[in-house]
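In: any chance you can model this:
(one chain, ligands or ions: 2)
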Amino acid sequence: NDTSMQHRNLNHMTREERFSEAMRRTLYALKVLLPREGWTPVGPEMKYLARAIKEFTFIIHAGVFIPCIMSYGTNEQIAKWFPLAADFRIIGTYAQTELGHGSFLRGLETIATYDRANQEFIINCPKITAMKWWPGDMGKSANHVLLMAELVIDGKKYGMHGFMVQIRDLTTHEPLPGVTVGDIGAKLSFESVDNGFLYLQNVRIPRENLLSKLSEVHPDGTYIKKGNQRLMYGSMVRVRVNLIAHEIVMPLAKACTIAVRYSAVRRQGLINPSKEEVPVLDYVAQQHKLLPQVATVFMAHFAAKQLVKMHHDYSLEVEKGNTSQLPELHALSAGMKACLSEQGAAGAEIVRRACGGHGYSCGSGLPFIVNRMLATCTYEGENTVMQLQCARYLIKCADQAKKDKLTGSVWYLSDFSNMSCTAQTFGDLQEPSVLVKLHERRAKCAVQHAGKKMQNMVKNGTPAHDAWNMMATLLINAARAHIMQYVVGTSVTYISELSCSASLKKILTQLCALYALHNINSNCGDFVKFGCLTSAQCDLAQEAEFNLLKQLRPDAVGIVDSFDFTDDILQSCLGAYDGNVYERLFEWAKQAPMNKTEVHQDSYQYLQPYLHEGRDVLEGRGRNSKL
Ligand SMILES: CCCCC/C=C\C/C=C\C/C=C\C/C=C\C/C=C\CC/C=C/C(=O)SCCNC(=O)CCNC(=O)[C@H](O)C(C)(C)COP(=O)(O)OP(=O)(O)OC[C@H]1O[C@@H](n2cnc3c(N)ncnc32)[C@H](O)[C@@H]1OP(=O)(O)O
Ligand SMILES: Cc1cc2nc3c(=O)[nH]c(=O)nc-3n(C[C@H](O)[C@H](O)[C@H](O)COP(=O)(O)OP(=O)(O)OC[C@H]3O[C@@H](n4cnc5c(N)ncnc54)[C@H](O)[C@@H]3O)c2cc1C
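Out: Ligands and ions are numbered 1, 2, ... in the order given. Below is the predicted model:
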């Protein structure tokens, strides 16, 4: 209810206006919302921030830079930089990606050379491809970067390390000497974020600015390793875990709220010719577009909660020096981020398209969501690269399963029990336990299939790296299958353990079954190819899905209302709670800058000669010239 936090009409703003507005809102929100005694917003504040996150800036500062200080800094470095960053007295970003490299981190070219005489690091981008490119908040806002660069001592390379580098003067905000920095220009989304470029030439930083939790350089240049170097990749794991809730589940829930509410209001066409026009939500085709996406919101939410818990437990173990869970967590977080962002981004576009022409209007709020979700498929690990990382782990586990009983998310790879499906009716295929088993079997077969293909190629003389490259598509499918069985399995467990009313549990169970069946019907080739289902059972799976659409239709609006988004956060003429779609669209359009005047002077200036000639012809004067 604080007018300072009411959303402005962002669609009618320039990019620079949106950048400034996001800065104003974020700093106002932090001043008002966050408890002074510490940075972490809790309770309603965090819920509000997370739901309104789309119009905040400094997300990299908050979601990546600060957590990196905690992960990579020594206690002294945390004590120095955390309070400054938490109170926004320094603004930072995570500068890793370069113009020439984003996925292949061993190819990064920015160099930090140790200068023993002065006990400093000299930071250089040796060529244009080494320039840092993309980091959020870096173009105009950040005055510090957590720079990921190759450490070099006496000509020897030690790999990627994190360095705290100040890039702007804390008083004038001007770039410091040797620093060329700016905004990378317009993008598909994130209009309010100044993703930037950063070219560093002979920038000197103190030895103490090497974040030294995992390794350090002594004054004489001695390099000391202090822990599992793969923890250097730890920030990416954490962000992949965190972004699922904030950047996939939340936006998809908003898109579904808009599309389902609009579909309940929008009347178009007839089902029974003798009756009146129907709400488009009554069309099974529309239900088939929308309701599986609503189900995805819940299942991704449940699976993400489990992953966050796993990451939290792992973090506690790392503090005790036990990093044994890291390979499983890396594979799962990489796979989940890739597969759920792929499903979420595709799902947001499906529900946008289901709103017809008005879904193409920015007034619906949907293009903003769709474009923003597309970025989740690229940042924090490009999806293909992440799926291959997940597959790398699965192939290793499949080999190990031949001699060991596996545990954790890959336990099913060593389950050699009879997994054939005995479903005779579509009701059998709505059973959670049957759906879990089907997904486990499909995943196991997909992993073994990819592994076998590669083994046969290697046996026939193909080098292992070529076999890997040629089977990449099968490996990616195996990663997707693994994640789907994880999402279905964790959701079934989560719902069964949830203490809630029987009616709510029934709805959640139906949504879970709908998610699983939609996945089966969208990938039935795998389920038949791997002997999980017969062709007749595939027909039953389709019947089972259609039956669930019918059962869930009456509750569709109530289910999305339960996401509890305010109109102000949704920013949608189609999804407002009162359903006054047409009045809101007309009001919204009238506010467009184009409608500031009845006659648009610029366009009139160009049209005037033609209009006057047309007038003359119509009024019988002048010749009927050819334009
Ligand atoms: C202020 C108010 C506002 C509101 C605030 C409210 C909330 C904010 C809080 C939270 C918000 C939450 C989220 C917000 C975040 C995002 C939203 C917005 C913007 C997005 C920001 C984006 C940032 C970025 O994109 S940062 C850059 C990301 N880049 C990458 O991910 C690079 C990907 N590439 C790699 O990781 C690596 O190159 C590779 C592909 C893994 C290959 O590495 P390489 O060394 O070559 O390894 P391999 O040879 O393949 O494998 C070797 C070995 O290592 C293991 N491995 C690899 N990676 C990891 C890892 N990460 N962890 C552990 N182990 C790893 C690998 O498995 C292998 O092991 P093996 O040998 O045993 O098999
Ligand atoms: C909105 C946004 C915000 C971002 N924020 C930040 C940030 O704050 N900090 C930061 O450091 N970076 C940031 N990034 C950069 C982001 O991390 C990189 O874009 C991402 O890691 C992908 O790397 P790339 O762009 O080099 O793509 P590439 O790796 O060049 O990908 C191009 C194509 O090559 C394919 N490919 C690449 N490697 C392989 C492989 N081994 N096997 C098969 N196919 C492969 C990919 O699948 C893709 O199809 C951001 C990017 C975006 C879009």
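
In: who does the one helix or strand Val436 maps to touch, helix- and strand-wise?
Out: Secondary structure assignment for Val436, by DSSP states H and E: helix 432-459. Here helix 432-459 touches helix 383-400, helix 464-470, helix 472-497, helix 502-522, helix 524-529, going by 3 or more CB pairs under 8 Å, 6 or more residues apart in numbering; DSSP states H and E. The way it works is simple: take the backbone N, C-alpha and C, and place the C-beta from them, glycine included.

In: let me know which of those helices is the nearest to ligand 1.
Out: helix 383-400 (4.9 Å; CB to the nearest ligand atom).

In: report the buried residues of the helix holding Val436.
Out: Using 16 or more other CB atoms under 10 Å as the test for burial, helix 432-459 gives 432, 434-451, 454, 457.

In: give me the angle between that helix and helix 502-522.
Out: When axes from the mean of the first three to the mean of the last three CA atoms, to 10 degrees is applied, the directions of helix 432-459 and helix 502-522 differ by 30 degrees.

In: so which residues on this structure come close to ligand 1?
Out: Applying CB under 6 Å from any ligand atom, we find that the chain lies next to ligand 1 at 26, 30, 49-50, 53, 56, 58-60, 62-63, 94, 96-97, 103-106, 136, 230, 233, 236-237, 239, 242-243, 246-247, 326-327, 330, 379-381, 385, 389, 392.

In: between the two ends of stretch 392-408, what distance do you get?
Out: Start-to-end span of stretch 392-408 (CA to CA, to the nearest Å) is 16 Å.

In: before we move on, back to that, hey, which of the helices and strands packed on helix 432-459 is tucked in deepest?
Out: Ranked by mean neighbour count, these are led by helix 472-497 with a mean of 22 (mean count of other CB atoms under 10 Å).

In: that one packs against which elements?
Out: With 3+ CB pairs under 8 Å, 6+ apart as the test, helix 472-497 has helix 284-319, helix 326-353, helix 383-400, helix 432-459, helix 502-522 packed against it.

In: save the ones you listed as JSON lines, and put in mean pLDDT too.
Out: Putting those into JSON lines (pLDDT from 0 to 100) gives the following:
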{"stretch": "helix 284-319", "mean pLDDT": "96"}
{"stretch": "helix 326-353", "mean pLDDT": "97"}
{"stretch": "helix 383-400", "mean pLDDT": "97"}
{"stretch": "helix 432-459", "mean pLDDT": "97"}
{"stretch": "helix 502-522", "mean pLDDT": "98"}
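
In: could you measure from the closest residue to Arg441 other than its chain neighbours over to Pro126?
Out: The shortest distance from Arg441 to any non-neighbouring residue, by CB to CB, 6 or more residues apart in numbering, is to Met419 (4.2 Å). Remark: distance between Met419 and Pro126 (CB to CB, to the nearest Å) = 55 Å.

In: what number of residues lie near Glu88?
Out: Let me fix one detail, which is that residue 88 is Phe and not Glu. Phe88 is flanked by 17 other residues according to other CB atoms under 10 Å.

In: ugh, wrong one, Arg621
Out: Using other CB under 10 Å, Arg621 is surrounded by 9 other residues.

In: any idea how far it lies from Gly614?
Out: The spacing between Arg621 and Gly614, counted by CB to CB, is 11 Å.

In: what about the chain, any weak spots by pLDDT?
Out: Within the chain, the stretches falling below the threshold (pLDDT under 70) are 33-48, 50, 52-54, 623-627.

In: picking that back up, ligand 2: which of the helices and strands packed on helix 472-497 is closest?
Out: Minimum separation from ligand 2 across the helices and strands packed on helix 472-497 (CB to the nearest ligand atom) falls at helix 383-400, 3.3 Å.

In: what is the closest one packed up against?
Out: Helix 383-400 makes packing contacts with helix 326-353, helix 432-459, helix 472-497 when contacts are defined by 3+ CB pairs under 8 Å, 6+ apart.

In: could you check which residue of the stretch 151-300 of the chain lies nearest ligand 2?
Out: Phe190 (5.1 Å).

In: if we can go back for a sec, Met419 and Pro126: who's more crowded?
Out: More crowded of Met419 and Pro126, by other CB under 10 Å: Met419, with 17 against 10.

In: wait, that one sits on Glu440?
Out: Yes. If you go by CB atoms under 8 Å, Met419 and Glu440 touch, sitting 7.0 Å apart.

In: which outside residues touch the helix or strand containing Glu17?
Out: Assigned by DSSP H and E, Glu17 falls within helix 15-33. Applying CB atoms under 8 Å, 6 or more residues apart in numbering, the contact partners of helix 15-33 are 2, 4-5, 8, 10, 13, 41, 45, 48-49, 52, 55-58, 88, 140-141, 186, 191-194.

In: any idea where the helices of the stretch 51-200 of the chain begin and end?
Out: With helices called from DSSP state H, counting those that start in this stretch, the stretch 51-200 of the chain shows them at 59-60, 66-72, 75-86.

In: show me what the last one is packed against.
Out: Read it as helix 75-86. On a contact count with 3+ CB pairs under 8 Å, 6+ apart, helix 75-86 meets helix 66-72.

In: and what of the shortest one?
Out: Here helix 59-60 is seen to pack against strand 92-95 when contacts are counted using 3+ CB pairs under 8 Å, 6+ apart.
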